[in-house]
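Peer 1: okay, sequence plus prediction incoming.
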Amino acid sequence: MRLRDTATPDPVVQAFFLAGPLRFDFDPEFSEVDFEYLPHGGWGSPARRLYGVAWQTVRLEPWQSYNHAVERFGSHDGWQLLTVQVERGRTRHFVNGELLREAEGRTVPTVPMAISFSHWLAAGSQAGPAREHAFEVDWVLHVSDRSVPPADMEARVQQLRAQGLKRHDTVPDSGLTSECNL
């Protein structure tokens, strides 16, 4: 993903996430794993950071969540290799091949999730003249039933490119929608 330090002060959220639908408060079948880039802060902090989180369930009002979060502060402007590994009993977040966080226990996803991307403005955005924000994703590689190290993923993408393959979807349709309904 190409993350951007935007020129406007808008509370931009640039996200790559895996999610299942939240049907009701504390839904035991809700799961989510995110990477969110907050170039102008957000979620109660003004700090520029990349935020990784693994969720198992949540109640929206009043807010109570079961998640593990990790933050990497500073600019992440430019192309970043964001990798999530979801295994039975644990999740891992990697940035450019470096392990950022491993989470275990209550917050590990328990159900299949849709692969999604979003680019949106969080609470606190100010009215004003029209602005434009860009969001770019170069490639997505999904492998089920085993964790693949980030370097091996990059090598596989290079093999596919050498074959001239620009798109190949092998993920079976599970009926999941790719939306964030929080």
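Peer 2: Sure thing, it's come through.
Peer 1: helices along this structure, start to end?
Peer 2: For the chain, the helices defined by DSSP state H cover 150-162.
Peer 1: residue ranges with poor pLDDT in it?
Peer 2: 177-182 (pLDDT under 70).
Peer 1: from T110, how far out is the residue lying closest to P39 once chain neighbours are set aside?
Peer 2: Spatially, and ignoring its direct neighbours in sequence, P39 is nearest to D5 (4.7 Å; Cβ to Cβ, 6 or more residues apart in numbering). (Glycine included, C-beta is placed from N, CA and C.) Applying Cβ to Cβ, to the nearest Å, the value for D5 to T110 is 35 Å.
Peer 1: re earlier: show me the contacts for the residue nearest to P39.
Peer 2: Residues in contact with D5 (Cβ atoms under 8 Å, 6 or more residues apart in numbering) are P39, R48, S75, D77.
Peer 1: with adjacent residues omitted, what lies nearest to the last one?
Peer 2: Right, the one you point to is D77. Nearest one to D77, counting by Cβ to Cβ, 6+ apart, is D5 at 4.2 Å.
Peer 1: contact partners for A54?
Peer 2: E32, V33, D34, N67, H68, T91, H93, A103, T107, V108, P109.
Peer 1: tell me the one of these nearest R59?
Peer 2: Here the nearest of the contacts of A54 to R59, counting by Cβ to Cβ, is N67; it sits at 12.1 Å.
Peer 1: leaving out sequence neighbours, find the closest residue to the closest one.
Peer 2: Nearest non-adjacent residue to N67 (Cβ to Cβ, 6+ apart): W55, at 4.4 Å.
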